[in-house]
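> What follows is a predicted protein model with its sequence.
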Amino acid sequence: MMPPPVTPPQPWQYADPKTCTVFLEKIGQAVGELGWCPGLTDEVLCWPTAAPGDTISQLCPRMQGVDPTKYAKKTCNMDGRWWSSAPDQGLPGYTDYNDCFTEETQELMEVFFDSNNSAMTEERMNVVFNSRAIEMTGFPLSLICVIISLVIFRYFRSLRCARTTIHVHLFLAIAIMTLCKTIEYADQYISGYATQNIRHSDTLSLRNTRAACEILVILIEYSRTAMFMWMFLEGLYMHNVVAWKVFSSSKPNYWIYCATGWGFPAILVSAWAPVIEFVWKQERGNGTASADKCWYNHANSHFYKIIDVPRLTFIGINLFFLVHIIFVLLTKLRNSHQSDTVQIRKAVKATIVLAPLLGVTHLLWAIPPPLDSKWPLPVFAGWMYVSHFLRSFEGIFVCLVYCFLNGEVQAAFKTAFERRALQQETNRSAQARRVSSLSSSHLTRYMSTNSSSANKRGATNRILKLLNCWPTNRQPNNHNNGSLRIHRNHNSSLQSDGTTLQLPINGTILEEKEEIEM
């Protein structure tokens, strides 16, 4: 008979030793009587003090692949120490979580872990975590590259054609899938699933929010199916153009392409999701709450074939398209009388270029993974690293080949840069002409003003010379009055000239004033 839980209905999921100690001291369960086992954490659950010979239990933690309705157990030895299978295991001792795992997890552990070789099991676990790290790096980078490619294809009008339109739809499906996978892995990392340090409570994880979690899973499977479908349409279009030339005189019907590329995956996922929710989930949980909230391990169920078999069928057809396209290419190269080396080089290049676009690399996932501990470690590590690398970095490969390194895209960028440089040069020339025109206008006005002032000064000088020649003994009173009047008029004229001509003429004006006063 299973003993009742210590903390119903929630487990004490405090992985940090300090937090666990503070919690136990608060409720008076940190230290018991003399000779009792002390309260502590095993980096997953926080356990209270226990009397010698007692076995205490509490609800299993809420984690991936764990049934939270079952119990974990811990035994206190008669000597006041927690039971441990190894003397050097340390103070936390051993916690029995065997009953916590779901049926699928137990089957996987029996196959994956080697009970007779713990060192080999540790190395295989390192391979698993390293593979997840590769995916957590590849998916975000692929998402960034795909978004940049979508912007490029929609920005340049010269790139809008039948072929690039299909590329855009494929890139959009890849973007949705990589975004969903990035969200999923970020949630796993925050919750501690994706690292070896499972010390975090997943209370805020998406896996504990049923609606958000199931929507995310559905979006991942839908976008992945759409990606396979658009890869198939890429192969169909290219095969028709190269082999049959069906579309040489007319454009493809985009409505049919869009309805097939986005509609058919929706039908498949709509048929698959209810089966997972109402059939498979009830089967593995027997209608109780023990079923995981996030359809954990749904890809290993036999119902997954509802969407997986059509995907593999599309990739198989694309493999046929690829072989036929390469055959047609070799036939044309042979007729061109090129050397065998050139023919082989072009055929290999075409294969490398077309394989990622047509999704042929996904056939690697059709091979059963070597998860059994009987497989050598290099085989297991090679399959894990290669398959996860190709899947997570696929968006980068497709963007490099069909966008960043594409000749048409590079030509569009070159044309845009040349057009921009020409526009800037035209703007600089127009600005220079405006500056030149304004400078000429100011210079003309300045010269005209100087010429007018010079004429006025010349006339004034001639009048002064006549006045100097006037007899001094003739009507002295009138002469003085006239001279004074002329002086006033002359000074007024000079002031007017000085106001108009500003600094360049002031020196001359002062000289004339001094000459007049003399």
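Done, it's in.

> Next, count neighbours for residue 24.
22 (other CB atoms under 10 Å). From N, CA and C alone the C-beta is placed, and that goes for glycine too.

> quick one: what helix or strand has the spatially most central residue of the chain in it?
Nearest to the mean C-alpha position of the chain, by CA atoms, centre = their mean, lies residue 144 at 3.4 Å. Under the criterion of DSSP states H and E, residue 144 resides in helix 118-155.

> what's the angle between the following helix or strand past that helix and helix 118-155?
Scanning forward in sequence from helix 118-155 by DSSP H and E, the next helix or strand is helix 162-191. Relative orientation of helix 162-191 versus helix 118-155 (axes from the mean of the first three to the mean of the last three CA atoms, to 10 degrees): 140 degrees.

> Which other helices and strands does helix 162-191 contact?
On a contact count with 3 or more CB pairs under 8 Å, 6 or more residues apart in numbering; DSSP states H and E, helix 162-191 meets helix 118-155, helix 210-239, helix 254-258, helix 394-399.

> Could you pull up the mean pLDDT of that helix?
For helix 162-191, the mean pLDDT works out to 88.

> How about stretch 373-383?
For stretch 373-383, mean pLDDT rounds to 88.

> got the buried residues for that stretch?
Of all the residues in stretch 373-383, those buried under the rule 16 or more other CB atoms under 10 Å are 373, 380, 381, 383.

> out of everything not next to it in sequence, what's closest to the third one?
Meaning residue 381. residue 127 (4.7 Å; CB to CB, 6 or more residues apart in numbering).

> burial count for the one you found?
Using other CB under 10 Å, the number of residues around residue 127 comes to 16.

> same deal with residue 131?
The local packing of residue 131 (other CB under 10 Å) involves 19 other residues.

> cool, and the one 4 residues further on?
Applying other CB under 10 Å, we find 19 residues neighbouring residue 135.

> now stretch 151-171, how far from the centre of its chain.
In terms of CA atoms, centre = their mean, to the nearest Å, the centre of stretch 151-171 is set 19 Å apart from its chain centre.

> Between the two ends of that stretch, what distance do you get?
The first residue of stretch 151-171 is 11 Å away from its last residue (CA to CA, to the nearest Å).

> which of the residues in that stretch are buried?
Here stretch 151-171 shows 152, 153, 156, 159, 164, 165, 166, 167, 168, 169, 170, 171 as buried, counting by 16+ other CB under 10 Å.

> my guess is the first one contacts residue 164, does it?
The reference is to residue 152. No - the pair residue 152 / residue 164 is not scored as a contact, 9.8 Å apart, by CB atoms under 8 Å.

> Quick one: the strands in the stretch 1-150 of the chain, in order.
Per DSSP state E, counting those that start in this stretch, the stretch 1-150 of the chain carries strands over the ranges 40-41, 46-47, 55-59, 71-75, 95-96.

> packing partners for the second one?
Using 3+ CB pairs under 8 Å, 6+ apart as the contact criterion, the neighbours of strand 46-47 among helices and strands are helix 17-27, strand 40-41.

> same question, the third one
Helices and strands touching strand 55-59, as assessed by 3+ CB pairs under 8 Å, 6+ apart, comprise strand 71-75.

> for the stretch 251-400 of the chain, which spans come out with low pLDDT?
251-252, 283-293, 296, 336-348, 350 (pLDDT under 70).

> quick one, helices of it?
254-258, 264-275, 281-285, 305-335, 340-358, 377-392, 394-399 (DSSP state H, counting those that start in this stretch).

> Out of the ones you listed, flag the one nearest residue 59.
Nearest to residue 59 among these is helix 281-285 (16.3 Å), distances taken as CB to CB.

> Report the mean per-residue pLDDT for the helix holding residue 144.
When pLDDT is averaged along helix 118-155, the result is 90.

> And stretch 233-248, by the same measure?
The average pLDDT for stretch 233-248 rounds to 73.

> One more: stretch 42-62?
Averaged across stretch 42-62, pLDDT comes to 86.

> got the end-to-end distance for it?
The straight-line separation of the ends of stretch 42-62 (CA to CA) is 15 Å.

> For the residue nearest to the centre of the chain, give me its contacts.
Residue 144 makes contact with no residue, according to CB atoms under 8 Å, 6 or more residues apart in numbering.

> just residue 262 next, same as before
169, 226, 229.

> Distance to residue 73 added to these, as JSON lines?
Shown next, in JSON lines, are these (distance: CB to CB, whole Å):
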{"residue": "169", "distance to residue 73": "54"}
{"residue": "226", "distance to residue 73": "46"}
{"residue": "229", "distance to residue 73": "49"}
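
> What is the nearest of those to residue 389?
Using CB to CB, residue 226 is the member of those that sits closest to residue 389, with 22.5 Å.

> quick one, what contacts residue 223?
173, 174, 176, 177, 180.

> if we can go back for a sec, Throw the helices of the stretch 251-400 of the chain into JSON lines and include distance to residue 407, thanks.
Formatted as JSON lines, the helices of the stretch 251-400 of the chain follow (distance: least, CB to CB, whole Å):
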{"stretch": "helix 254-258", "distance to residue 407": "24"}
{"stretch": "helix 264-275", "distance to residue 407": "32"}
{"stretch": "helix 281-285", "distance to residue 407": "51"}
{"stretch": "helix 305-335", "distance to residue 407": "18"}
{"stretch": "helix 340-358", "distance to residue 407": "12"}
{"stretch": "helix 377-392", "distance to residue 407": "25"}
{"stretch": "helix 394-399", "distance to residue 407": "15"}
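
> So which of those helices is the most surrounded?
Mean neighbour count (mean count of other CB atoms under 10 Å) peaks for helix 394-399 among those, with a mean of 23.

> which helices and strands does that one pack with?
helix 118-155, helix 162-191, helix 340-358.

> So which residues make contact with that helix?
Residues from elsewhere that reach helix 394-399 (CB under 8 Å, 6+ apart): 138-139, 141-143, 145-146, 148-149, 170-171, 174-175, 178, 356-357, 361.

> Can I have the buried ones of the residues you listed as a PyMOL selection?
For the buried members of the contacts of helix 394-399, the matching PyMOL selection, counting by 16+ other CB under 10 Å, is:
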select buried, resi 138+139+141+142+143+145+146+149+170+171+174+175+178+356+357+361
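
> Mind putting the helices and strands packed on strand 46-47 into CSV with distance to residue 216?
Output for the helices and strands packed on strand 46-47, formatted as CSV (distance: least, CB to CB, whole Å):
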stretch, distance to residue 216
helix 17-27, 30
strand 40-41, 31
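
> now, of those, which is deepest in the fold?
The highest mean neighbour count among the helices and strands packed on strand 46-47, using mean count of other CB under 10 Å, belongs to strand 40-41: a mean of 22.

> what pairs with that strand, and is each one parallel or antiparallel?
Sheet pairing of strand 40-41 (DSSP bridges) gives strand 46-47 (antiparallel).

> between the buried residues of stretch 151-171, which is nearest residue 110?
Using CB to CB, residue 170 comes nearest to residue 110 of the buried residues of stretch 151-171, at 40.1 Å.

> which residues are contacting stretch 308-323?
Under CB under 8 Å, 6+ apart, the answer for stretch 308-323 is 224-225, 228-229, 231-232, 234-236, 238-239, 268, 351, 354-355, 358-360, 362-363, 366.

> which residues sit in contact with residue 168?
Going by CB under 8 Å, 6+ apart, residue 168 touches 150, 153, 154.

> what about 10 Å?
149, 150, 153, 154, 159, 160, 230 (CB atoms under 10 Å, 6 or more residues apart in numbering).

> Dump the residues you listed into TSV; add distance to residue 107 as well.
Below are these laid out as TSV (distance: CB to CB, whole Å):
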residue	distance to residue 107
149	41
150	42
153	46
154	48
159	50
160	51
230	35
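
> Max pairwise distance over the buried residues of stretch 373-383: which two?
The largest separation in these, counting by CB to CB, is between 373 and 383 at 14.1 Å.

> just to revisit the earlier point, reformat the helices and strands packed on helix 162-191 into a markdown table and put distance to residue 406 next to each item.
As requested, the helices and strands packed on helix 162-191 are exported to a markdown table (distance: least, CB to CB, whole Å):
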| stretch | distance to residue 406 |
| --- | --- |
| helix 118-155 | 10 |
| helix 210-239 | 14 |
| helix 254-258 | 21 |
| helix 394-399 | 10 |
